[in-house]
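In: Dropping the sequence and predicted coords here.
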Amino acid sequence: MSEINPDGGISLRFLLDRYSRIMILAIIVAFMAATKPDAFWTMNNLSAVAFQQAPFMILMSFGMTLAIITKGIDKSMGSVLVLSSVIGAGFVKNGQFLAGIGLALAVGVACGFVSGILITRVGVAPFIATYGVEWVTLGLAFVLTGNVYIYDFPQEFREIATGRIFGLVPNLALITLAIFLILHFTMGKTIFGRKVYMVGNNFNAATLSGVNARKTVTMVYIVNGLLAAITGILYMARLNAADPGISAAFTLDSIAASLIGGTSFGGGKGSISGTIVGALIIVFIRNGMNIWGVHTTWQQTAVGFVIIFSIFLEATTQKLTAFATRRRRGGE
Amino acid sequence: MTSGDVILRMTGITKRFPGTLALHNVGFDVREGEVVVLLGENGAGKSTLVKIISGVYARDEGEIIFSGEPVNFEGVQQAQKAGISIIHQELNLLPERTIAQNIFVGREPTISWLPGVIDYRKMVADSREILADLGVDLDPGTLVKELSIAQQQMVEVVKALSNRTKLLIMDEPTSSLTKREIDKLFEIIERLKKSKTSIIYISHRMDEIKVVGDRAVIMRDGEYIDTLDVKSMSMDEAVSKMVGRTITHLYDRHYNQPGEEVFVSRNLTGLRFRNVNIGVRSGEIVSLAGLVGAGRTEVAKAVFGYDPILSGSFELFGRPIKSPSPDKCVGLGMAFLPEDRKAEGVILKMPVRENLVSACLSKLFPNGILNLALEKQHSERFRRELKIVTPSVDKLVGELSGGNQQKVVVGKWLSTDCRFFIFDEPTRGIDVGAKAEIYHLLDALAARGAAILMISSELNEVVGLSDRVYVMREGEVVKEFQRSELSQTAIISFAIAKEGDRDA
Amino acid sequence: MHDASTAGKSLPARILSRIPGVTYGVIILAILFSIIRPRFMSVNNMLLIARHSSVLLVASIGMTMVILVSQIDLSVGSVMSLSGVVAAYSIRSGMDIVPAMALGIVCGLAIGALNGMMVAVFKFDYWIATFGTMGIGAGLALVVANGETLAVGSAGFGWIGNGRIGRVYILTYMAVFSLTAMWLVLKKTRFGYNIYSIGGSEQAARLSGLNVVRNRIYVYVCSGFFSAVAGLMLASMGNSASPIAGADYSFDVIAAVIIGGTSFDGGRGGLFGTVMGTLLVRVLASGLNLMNILPTWQKAIIGIVIVAILVADVLGEKRKRRRDAMRRYRDE
């Protein structure tokens, strides 16, 4: 999170630390553009990736990143997405858009609040607390829908995700960009963001500095719930259906995107911009493999390898750091 | 004095850590059945030395001859096999396991015809025997977490001795024991001496050293200074050799007329203390003295809202506080500098500047938005004022030395509007130079009208700095001293013993 | 020292204080269900519950060990899928049942060893490392099966999953045997002792001369082994292997272990608690079935019970710890 290179100059470790993920992404994109220009490097394919596949995953990954920075995890994000969208769906179908959207957001906030309280007040481990919330929310979603799709929403509602502003910029991309900017600013430039990093790095030290660590963590889970609900609404508008079966995939992919993006389960480390790159890497790997005609079955293996590769990169960076420090100290 | 054969001979031991020379050319002998007391200030290298002897660290240079053979232990187990055991300063027990399991951890007896299968019965029987041998009345089947700290300490002793030990190293074994338990420990030491076991004993308590030691080895700044005969040495001689010459104006206090009451507690009771009535006025440095485990840190943490308060109340700046919380306390102008600096005082993986502003975020950035330029400017100011040695305020705190880390903690609180400071062991583990600066700072704070409550186990700093001293023992305040009545012996006698069996 | 007051707790009291809280939950639920539906207590129903629990039980043995040393293994579910698919593929291509199953187990051992190396030797974050192998394992399972469910159609293989000796299912024997064996290992052997020591305090273990690295590797290998066995059991039940059969298991297994009182802090808990944690879910599911509760409702109810038990357990533990602190202090 330190924006400034503490050594004053530009070192290899600094470059690796900041740009390794962007380089991976660039290599993937360049490789695809060079080898399959007519399938990959087309407006159709790129806009499909950027405006149809990536936004949902990016939004979910943002929430997961926040949770992991606080040394937690939010297993319930996928299921909160499902619950909030099926609850909103009923109203939306009747044409009450605002009520539907408002209710969905409220459900997201409520779920996040419950997770936050379980974690900070009761003291349940984040993984287990959100696992419990996942069961309950997913269960309720099944109860409410009877395990069937809700589909066919009014066109005006679908415009939220499918429309374009001035017929040019897709709404979905614009919303994602707006949320990215808000979160990026919040995490990097506000007291709240600073507190999140402090709490993730060292909960006790943060508390003893007068930071209300419990409140901070609870807020993070509330933001997660909100993000899940927003994603749920957009997903519903985009696909024209609310489907209780999609929860697990979303959760796992967003963890993967956060990890590849440099967020660490050790807490206190990670960034919103890193996560966006992590999510794009996953989306482009999937897209590239599809274009190459690699069977979809390989995609998960590839994602697994990228994760392991990125921790190798990280370990190497740390070794370099240690080496550089030792050399400098020796020289003094 | 018993003078058997030399069992341990060290020559030219040198150990470097990144950035420091921890030990330089240290050498002395330990004979069979004698107690060698290792004397020296914090940071003199005693703990490093005994860690080398017991195989925790590897030495860089020098030679160790144990039982007539040159040894080069790679790891604790080899040293244990050779007959060297160590009781570390901090407890190293498994709270969820029984006493027997703790005594034999790593070398459990197995059933002869079933390799790898533990003979628990033998383990319990052996433990019971060793416990009885040493006169410790504990059931080997009890979980360690159910024991008191003192009882756990006894288990550590038993664990170390259960190992056919020829040389036992004790690193401040009495720091959390009561008088009666200390007597018991000394009894055990006498018994060990009779059975030809040698002991290296590290302690800060001069009174104990006289009782238990045969010879005293004095170390300073990582070097061997001298060996004295305990029975004939004078305390002044030992202390002056330990300290060298730099001590004279360490405590430069400007006493001023105390102002209004900043902090008053009434019958404050928490998890490990009860009925604490103390007060601190502005311009005063008040110390809480006592042994480790007497409940001093617990009082501080409860007042700061970190631990629960069970009954009683306190007032801060004249306002009664019902249920304190750290953020509320900071808002009211209270600062807490914890004992465990690395775990609670600073955030090691964040840069110096982020640590320096961490307690005053909303004061510095009232609209909630960070301003990097302001943050830099602010932290540069405190770097200059406190002479924090770092190439840049962007450096991670974890890469600074202990003394500079402590200055970051101090700077973090100076940058708030706080007027009531609790310092918990402010000079633990930092070198003499940095110590002097911290003392100077405490004095300056008090002169500016701040109220300071200091918790310290170093009696000389308690005596040297305080306006008043409260002594705590076993969770209660047992004595209040005014400045004129202060002396190390008076404080220690109240800290250690119950009214009845105090002999001072 | 007044030792009598702490050491003097009677033996029954001491045993009682070591029973994980979820046990009472299981007992209360069982009593409740048998009052409402006496059929619940019938031998047949008990045998069914035992059969349905067995896969999860075996899979959770390894996880219990991993969590006892304060770490986690997210790859359990993927290893289950992989071993099942590998065995099924081998049988289909003409291999005998026993070597085919051995091959499946080898896959588990290999992934376990890889996890162990990454975590213990190279000191990678165990969440990320096992998340990576989770992806790799799941992907390889899909590749081997070519994304489809492989029917085995071998009578011998199917017998393992559905056969009985006497009235008791083979699967139940396997689970009981594995659990007993590993319970003995944990409670009675050097290896088991080492696990508890490392989990209790890694520093204390190291200072006592334990080889922490080697023991950690063994623990992950064990986890791989039992996951593979569980995967084979799962495949044999349907006499077919699905490459996503194990997908949800990692998280269910972790939950069962944690609910059973083994804590992330390490060194506390054991297999008895894990059995109870697993039974909780199965007893609930069975009871709700007998009460003709709609399947859609079951998930939500199970979730709420899990959360309730977790909260009760954590709060009880907190109170106990506080009482202990007070008592200890009075003794001094």
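Out: Perfect, thanks for sending it. Just so you know, these numbers come straight off a predicted model, no measurement behind them.
In: give me phi/psi at the residue nearest to B:Ser415 when sequence neighbours are not counted?
Out: Nearest residue to B:Ser415 in three dimensions, chain neighbours excluded: B:Cys360, at 4.9 Å (Cβ to Cβ, 6 or more residues apart in numbering or on different chains). For glycine as for every other residue, the C-beta is placed from the backbone atoms N, C-alpha and C. The phi/psi pair for B:Cys360 (degrees, to the nearest 10) reads phi -130, psi 30.
In: Please apply the same query to A:Ser47.
Out: phi -70, psi -30.
In: Might you report the residue contacts of it?
Out: A:Ser47 makes contacts with A:Pro170, as judged by Cβ atoms under 8 Å, 6 or more residues apart in numbering or on different chains.
In: Now C:Gly266: which helix or strand?
Out: For C:Gly266, there is no host helix or strand (DSSP states H and E).
In: which non-adjacent residue is nearest B:Gly106?
Out: C:Ser208 (3.7 Å).
In: what's the distance between that neighbour and B:Ile103?
Out: Using Cβ to Cβ, to the nearest Å, C:Ser208 is found at 10 Å from B:Ile103.
In: Looking at these two, which is more packed in?
Out: Taking other Cβ atoms under 10 Å in any protein chain shown, C:Ser208 and B:Ile103 do not tie; B:Ile103 has more neighbours (26 against 21).
In: And the helices in the stretch 151-300 of chain B, which stretches?
Out: Along the stretch 151-300 of chain B, the segments classed as helices by DSSP state H, counting those that start in this stretch run B:179-194, B:206-212, B:235-243, B:296-303.
In: The stretch 51-200 of chain C too?
Out: C:76-92, C:97-116, C:126-145, C:155-162, C:170-188, C:190-200.
In: and the residue of the stretch 101-250 of chain A found nearest chain B, which of the three is it?
Out: Taking Cβ to the nearest Cβ as the measure, the point where the stretch 101-250 of chain A comes nearest chain B is A:Gly210, at 3.0 Å. Under the three-state scheme (DSSP: H, G, I helix; E, B strand; the rest coil), A:Gly210 adopts coil.
In: For it, give me its contacts.
Out: Per Cβ under 8 Å, 6+ apart, neighbours of A:Gly210: B:Pro326, B:Asp327, B:Cys329, B:Val330, B:Gly331, B:Ala359.
In: 7 Å - rerun?
Out: B:Pro326, B:Asp327, B:Val330, B:Ala359 (Cβ atoms under 7 Å, 6 or more residues apart in numbering or on different chains).
In: Among those residues, which one lies nearest to chain A?
Out: Nearest member of the contacts of A:Gly210 to chain A, counting by Cβ to the nearest Cβ, is B:Val330, at 3.0 Å.
In: count of neighbours near B:Glu187?
Out: A total of 12 residues lie near B:Glu187 under the criterion other Cβ under 10 Å.
In: The top strand by length along chain B: what's the following helix or strand?
Out: When chain B is parsed with DSSP state E, its longest strand is strand B:6-17. Sequence order places strand B:20-26 as the next helix or strand after strand B:6-17, per DSSP H and E.
In: wait, does that next one contact chain A?
Out: No - counting by Cβ under 7 Å from any Cβ of the partner chain, chain A is not contacted by strand B:20-26; separation bottoms out at 9.8 Å.
In: which residues touch the longest strand of chain B?
Out: With contact meaning Cβ under 7 Å, 6+ apart, strand B:6-17 is reached by B:22-32, B:48-49, B:52, B:57, B:59-67, B:166-167, B:198.
In: from those, which would you call buried?
Out: Among the contacts of strand B:6-17, those buried by neighbour count (16 or more other Cβ atoms under 10 Å in any protein chain shown) are B:22-24, B:26, B:28-32, B:48-49, B:52, B:57, B:59, B:62, B:64, B:66, B:166-167, B:198.
In: Could you list which of those residues belong to strands?
Out: Among these, DSSP E puts B:Ala22, B:Leu23, B:His24, B:Val26, B:Asp29, B:Val30, B:Arg31, B:Gly62, B:Ile64, B:Phe66, B:Leu167, B:Ser198 in strands.
In: now, which of the residues you listed sits nearest chain A?
Out: Closest to chain A out of these is B:Ala22 (14.3 Å), distances taken as Cβ to the nearest Cβ.
In: Quickly find the element holding the residue nearest to A:Gly139 when sequence neighbours are not counted.
Out: Spatial nearest neighbour of A:Gly139, excluding adjacent residues (Cβ to Cβ, 6+ apart): C:Ala300 at 2.7 Å. Element membership for C:Ala300, per DSSP H and E: helix C:295-331.
In: Can you pull the residues of chain C lying near chain A?
Out: Taking Cβ under 7 Å from any Cβ, the part of chain C that reaches chain A is made up of C:122, C:124-125, C:127-129, C:131-136, C:138-140, C:142-143, C:146-147, C:248, C:251, C:254-255, C:258, C:264, C:296-297, C:299-300, C:302-304, C:306-307, C:310-311, C:314-315, C:318.
In: Which of the residues you listed are buried? Put it as a PyMOL command.
Out: What follows is the PyMOL syntax for the buried subset of those, where burial is set by 16+ other Cβ under 10 Å:
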select buried, chain C and resi 124+125+127+128+129+131+132+133+134+135+136+138+139+140+142+143+251+254+255+258+264+296+299+300+302+303+306+307+310+311+314
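In: Show me the shaky parts of the stretch 151-300 of chain B.
Out: Scanning the stretch 151-300 of chain B for pLDDT under 70 picks out B:175-179, B:204-206, B:243-250.
In: same thing but 50
Out: The model of the stretch 151-300 of chain B has pLDDT under 50 over residues B:247.
In: Show me where it has its strands.
Out: In the stretch 151-300 of chain B, the strands defined using DSSP state E, counting those that start in this stretch lie at B:167-171, B:198-202, B:215-220, B:223-229, B:261-270, B:273-276, B:279-281, B:285-290.
In: Likewise for chain A?
Out: Counting by DSSP E, the strands of chain A are A:150-151, A:164-165, A:169-170, A:241-242.
In: Which of these has the highest mean neighbour count?
Out: Sort the strands of chain A by mean neighbour count, taking mean count of other Cβ atoms under 10 Å in any protein chain shown, and strand A:241-242 sits at the top with a mean of 24.
In: Who are the packing partners of that strand?
Out: Other helices and strands packing on strand A:241-242, by 3 or more Cβ pairs under 7 Å, 6 or more residues apart in numbering or on different chains; DSSP states H and E, are helix A:77-93, strand A:150-151.
In: Out of these, flag the one nearest B:Phe382.
Out: Among the helices and strands packed on strand A:241-242, the nearest to B:Phe382 by Cβ to Cβ is helix A:77-93 (40.7 Å).
In: quick one: contacts for the closest residue to C:Ser54 other than its chain neighbours?
Out: Spatially, and ignoring its direct neighbours in sequence, C:Ser54 is nearest to C:Ala175 (3.7 Å; Cβ to Cβ, 6+ apart). Neighbouring residues of C:Ala175 by Cβ under 7 Å, 6+ apart: C:Ser54, C:Leu57, C:Val58.
In: quick one: the last one and C:Met233 touch, right?
Out: What that stands for is C:Val58. Yes - using Cβ atoms under 7 Å as the test, C:Val58 is close enough to C:Met233 to be in contact (6.3 Å).
In: Which residue does chain C have closest to chain B?
Out: For chain C, Cβ to the nearest Cβ, closest residue to chain B: C:Gly209, 2.9 Å.
In: The nearest residue to that residue once chain neighbours are set aside in helix, strand or coil?
Out: Using Cβ to Cβ, 6+ apart and skipping residues adjacent in sequence, the residue nearest C:Gly209 is B:Gln77, 2.9 Å away. On the three-state scheme (three-state DSSP), B:Gln77 is labelled helix.
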